[in-house]
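K.L.:
Build me a model:
(one chain, ligands or ions: 1)
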Amino acid sequence: MTDTQPIPFARPWITDEDRQAVLDVLNGYILTHGPQCKSFEQEFAEFMGGGHCVSVSSCMAALHLSYLHFGIGPGDEVIVPAQTHVATVHAVEWVGATPVFVDCDARTGNLTASAIETALTPKTKAISVVHFAGIPCDMPPIVDLAQRYNLRIIEDCAIALGARHQERHVGLFGDAGCFSFYPVKHMTTGEGGMFVSRHPDVSQAVAKLRAFGVDRTHSERTVPGMYDVPSLGLNYRMSEIQAALGRSQLRRMSVVLAQRALQFDRYRTLIGHLPNLRLVDTGDAESRSSHYCASVVFEGEYANMRNQMVERLNAAGIGTSIYYPQPVPRMNYYRNKYGFVAGRYPRAEHISDHSVALPLGMHVAEGDVDRIVATLERSLAESTRGKGLTR
Ligand SMILES: Cc1ncc(COP(=O)(O)O)c(C=O)c1O
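P.N.:
Predicted coordinates:
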């Protein structure tokens, strides 16, 4: 890779095997309700090392189904991180429950049990944790807290496929785990997601809820076209085309995770010795991150240089993103509904306003991380020169 070749923030890794898998489905006649989704669900559970999986149309769908299934609704409160994607919170809103925002830990960007506990009220019914940037939350104390207060845990694992805490895959600590296969994620099905639960009865019920609430799948129908509908449901199904792509992608996940881990280590080495730059990173040795992105927080005298650095990096052909662009309570919908006071979620606000997410993944070639960090260093030096800022 040359010094001028663009490095996008993220790019799906599509191989000939992926194309063939999709083509095989198109060359057949079963485009939905078929064996690909069933196999994808089984293989995903094998990859995680447990759980009962239900393929769905997106992570947001999996989150929505979780709250619907557990009967969480008006009058109930759900603890949510201020630092997350809106989908985490929209799912709570759609069932009519009230999100209660909690600030994150500065180092990991994750919720902690102690912060959650301060926000509990008699109305709290569930905790939604997000494994930020692929870094697993410290789950044992959160599980302990949920047991003490009889709360559900919904894990938003949208950007944490492959992340483990004490060797257990995220999504298998709480009552439900929700994954995303949106194109910039570790693997993709175009759009798509997976609902996971440790409890087979929960997954069976969610599978029905995902498909109109009908009482039997196509393969369970003795008379074609004959079924009943004992409950309300939605259509949040995944197609066979998507599942075939997902199965093919899943087979390469160990390669993807290993490559991301190596690249993240390189970021750690290069950024670790630079003053006023901090990589959002795991908080303990028992956590294995899935290294979704390298989020760099500008601190101290660099604190206000984020936007300028984004411009510089982009101009040099280096793609960036921001995780997440605003704490959710500051987004207009939530600000208008619940009000927002600046400084209320200082750590989430700090990450949103002062960080940039740098590329990781199969499209990042050898030497690219060095080029990215060198460009950042050079840009910081050029921008601070003449302003009296020193390093
Ligand atoms: C934490 C989190 N949750 C949920 C989502 C939504 O995922 P999907 O697009 O599959 O609904 C995202 C998307 O980036 C996310 O980052």
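
K.L.:
The ligand contacts on the stretch 151-300 of the chain?
P.N.:
Counting by CB under 6 Å from any ligand atom, the stretch 151-300 of the chain comes close to the ligand at D156, A158, I159, S180, Y182, G193. Placement of C-beta: from N, CA and C, glycine included.

K.L.:
pLDDT and secondary structure for the residues you listed - can I get that in CSV?
P.N.:
Listed next are these as CSV, based on pLDDT from 0 to 100; DSSP: H, G, I helix; E, B strand; the rest coil:
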residue, pLDDT, secondary structure
D156, 98, strand
A158, 98, coil
I159, 98, coil
S180, 98, strand
Y182, 98, coil
G193, 98, strand
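
K.L.:
Neighbour-wise, which one of those leads?
P.N.:
D156 (32 neighbours; other CB atoms under 10 Å).

K.L.:
can you count the residues close to Q147?
P.N.:
When neighbours are counted by other CB under 10 Å, Q147 comes out with 10.

K.L.:
likewise G283?
P.N.:
Neighbours around G283, by other CB under 10 Å: 16.

K.L.:
In contact with it: list those residues for me.
P.N.:
With contact set as CB atoms under 8 Å, 6 or more residues apart in numbering, G283 has these partners: D105, R107, T108, N110, I135, D138.

K.L.:
tell me which residues in stretch 74-91 are buried?
P.N.:
By 16 or more other CB atoms under 10 Å, the buried positions in stretch 74-91 come out as 76-91.

K.L.:
ranking the contacts of G283 by neighbours, who comes first?
P.N.:
Neighbour max across the contacts of G283 (other CB under 10 Å) = I135, 29 neighbours.

K.L.:
Might you report the residue contacts of that residue?
P.N.:
T108, G109, N110, A160, A163, V280, D281, T282, G283, S287, S289.

K.L.:
closest to R266 among these?
P.N.:
D281 (13.3 Å; CB to CB).

K.L.:
Looking at the chain, which strand is longest?
P.N.:
strand 124-130 (DSSP state E).

K.L.:
Please see if it touches the ligand.
P.N.:
Yes - with CB under 6 Å from any ligand atom as the criterion, the ligand is reached by strand 124-130 at V130.

K.L.:
so what secondary structure elements neighbour the helix or strand just after that strand?
P.N.:
Reading on from strand 124-130 to the C-terminus, the next helix or strand found by DSSP states H and E is helix 139-149. On a contact count with 3 or more CB pairs under 8 Å, 6 or more residues apart in numbering; DSSP states H and E, helix 139-149 meets helix 113-118, strand 124-130, strand 152-156.

K.L.:
What mean pLDDT does the first one get?
P.N.:
When you say that, I think you mean helix 113-118. Throughout helix 113-118, pLDDT has a mean value of 98.

K.L.:
the helices in the stretch 251-391 of the chain, which residues?
P.N.:
Assigned by DSSP state H, counting those that start in this stretch, the stretch 251-391 of the chain shows helices spanning 253-272, 306-315, 332-338, 346-354, 368-384.

K.L.:
just to revisit the earlier point, so which of the buried residues of stretch 74-91 are in strands?
P.N.:
Per DSSP E, these map to strands at E77, V78, I79, V80, P81.

K.L.:
which ones are touching the second one?
P.N.:
Right, V78. So V78 contacts 67, 72, 92, 97-100, 124-128, 154 (CB under 8 Å, 6+ apart).

K.L.:
Mind putting these into CSV with distance to T118 and pLDDT?
P.N.:
CSV is the format used below for these (distance: CB to CB, whole Å; pLDDT from 0 to 100):
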residue, distance to T118, pLDDT
Y67, 23, 98
I72, 21, 98
V92, 19, 98
A97, 19, 98
T98, 17, 98
P99, 16, 98
V100, 10, 98
T124, 11, 98
K125, 17, 98
A126, 17, 98
I127, 13, 98
S128, 16, 98
I154, 20, 98
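
K.L.:
From these, pick the one nearest V297.
P.N.:
The shortest approach to V297 among the contacts of V78 belongs to S128, at 23.5 Å (CB to CB).

K.L.:
beta partners for that closest one?
P.N.:
I154 (DSSP bridges).

K.L.:
thinking again about what came up before, any idea how far the longest strand of the chain is from the chain center?
P.N.:
15 Å (CA atoms, centre = their mean, to the nearest Å).

K.L.:
Repeat that for stretch 149-165.
P.N.:
10 Å.
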